[in-house]
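Asker: I'll drop the sequence and a predicted model, then ask my questions.
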Amino acid sequence: MRAMLLVNPTATTTNRRTRDVLIGALSATMSIKVEETAYRGHAALLSRKAHASGYDVVAVLGGDGTINEAANGLLDAEDGRDGDATDRPALLVIPGGSANVFARALGLPNSAVEAVGALLEAIRENRRRTVGLGQALWNDESRYFTFCSGMGYDAEVIRAVEGMRGAGRKATAARYVNTALQHYLSTDRRHAAMTVEGPDVPRAGNIFMAIISNTSPWTYVGSRPICPTPWASFETGLDLLGLQRLGVPSMLRLMPQIAGARDTLPTGRHLVQFHDEREFTLTAERPVAFQLDGDYLGEVERVTFRSIPDALQVLV
């Protein structure tokens, strides 16, 4: 089995010595070519090259952003092959970021070392899982996402944290929580900008914040999962939770309902909820912040979201 291993050298929770040990362990079971990512979008380019070169596996040692790029590269490979998941290299993910939502949603340990132990068994047994992805289309752009997208307040928080990371601070769970609390005071909680509609969903407006999920949990605060769309999964279409109120009473009612592992939907008069949908579009009266898999992508006024079933095979 030939694998290209994409390593993010700036991944939050690994160092050079740990990476060398993990690479050595994987090399005992596969023929590995190691490539370090050097810039934004590099993992997508490398995974496209791996697809074109006939690799069996694209492995990623990094966070959710690097994994997202690799998945996009596999689906956008410009080699003339547009088949299903079995025609693409399988994806293998080793958690190396701060949240590792995709890896944990697959059932992998949050520790890179422990995850590799589990993955070695999956490699030996060629144990694969086929997962669906989400796709976002806006302006003239398109991008796939593995676990979530968001428009509004959550994307504003991600934008703020990315600014801190650019200044050299680490993206810890505590930093996200503190930033969310501080930013809550400055976000617009009076004038909702967004409306959602789609071929099979009723139109709903006055939305301040929209969470679009391809799986659950949406994210983690340390070891605690946050589950605003608990029915979302890799085997179904997309789920959505829209908030039509951002006031303190509404948020205090919502937060206990989405914190922790659960299988019941949150309740409230000012929530918009969809489950297992193939397509819908969010439009905004003014530009709003937009994120995919925790990566801030700027401000947008219209995004169409689609479910892409059976998109990738994952060794897990």
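Answerer: Noted; the coordinates are in hand.

Asker: Only C-alpha atoms from now on, for both contacts and neighbour counts.
Answerer: OK.

Asker: Show me where the protein has its helices.
Answerer: Taking DSSP state H to define them, one finds helices in the chain at 16-27, 42-52, 64-75, 101-105, 112-125, 153-166, 173-184, 248-258.

Asker: what packs against the second one?
Answerer: To tie it back to what came earlier, the one meant is helix 42-52. strand 2-7, helix 64-75 (3 or more C-alpha pairs under 8 Å, 6 or more residues apart in numbering; DSSP states H and E).

Asker: Let's see that with 6 Å instead.
Answerer: helix 64-75 (3 or more C-alpha pairs under 6 Å, 6 or more residues apart in numbering; DSSP states H and E).

Asker: Name the residues that touch the helix it packs on?
Answerer: Contact with helix 64-75 is made by 43, 44, 47, 48, 100, 144, as judged by C-alpha atoms under 6 Å, 6 or more residues apart in numbering.

Asker: what does stretch 176-190 give?
Answerer: Residues contacting stretch 176-190 (C-alpha under 6 Å, 6+ apart): 157, 246.

Asker: Sort out which residues of it are buried, please.
Answerer: Buried residues in stretch 176-190, defined by neighbour count with 16 or more other C-alpha atoms under 10 Å: 176, 179, 180, 184, 189.

Asker: Out of these, which comes closest to residue 284?
Answerer: For the buried residues of stretch 176-190, the closest approach to residue 284 (C-alpha to C-alpha) belongs to residue 189, at 14.8 Å.

Asker: For the closest one, give me phi and psi.
Answerer: phi -110, psi 10 (degrees, to the nearest 10).

Asker: returning to what we had before: what's the closest of the buried residues of stretch 176-190 to residue 203?
Answerer: Using C-alpha to C-alpha, the buried residues of stretch 176-190 come closest to residue 203 at residue 189, 21.2 Å.

Asker: State the distance from that closest one to residue 285.
Answerer: 15 Å (C-alpha to C-alpha, to the nearest Å).

Asker: circling back: now render the buried residues of stretch 176-190 as TSV, adding pLDDT.
Answerer: Below are the buried residues of stretch 176-190 laid out as TSV (pLDDT from 0 to 100):
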residue	pLDDT
176	82
179	87
180	88
184	87
189	87
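
Asker: With distance to residue 207 added, can I get the residues you listed in JSON lines?
Answerer: Listed next are the buried residues of stretch 176-190 as JSON lines, based on distance: C-alpha to C-alpha, whole Å:
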{"residue": "176", "distance to residue 207": "22"}
{"residue": "179", "distance to residue 207": "22"}
{"residue": "180", "distance to residue 207": "18"}
{"residue": "184", "distance to residue 207": "16"}
{"residue": "189", "distance to residue 207": "10"}
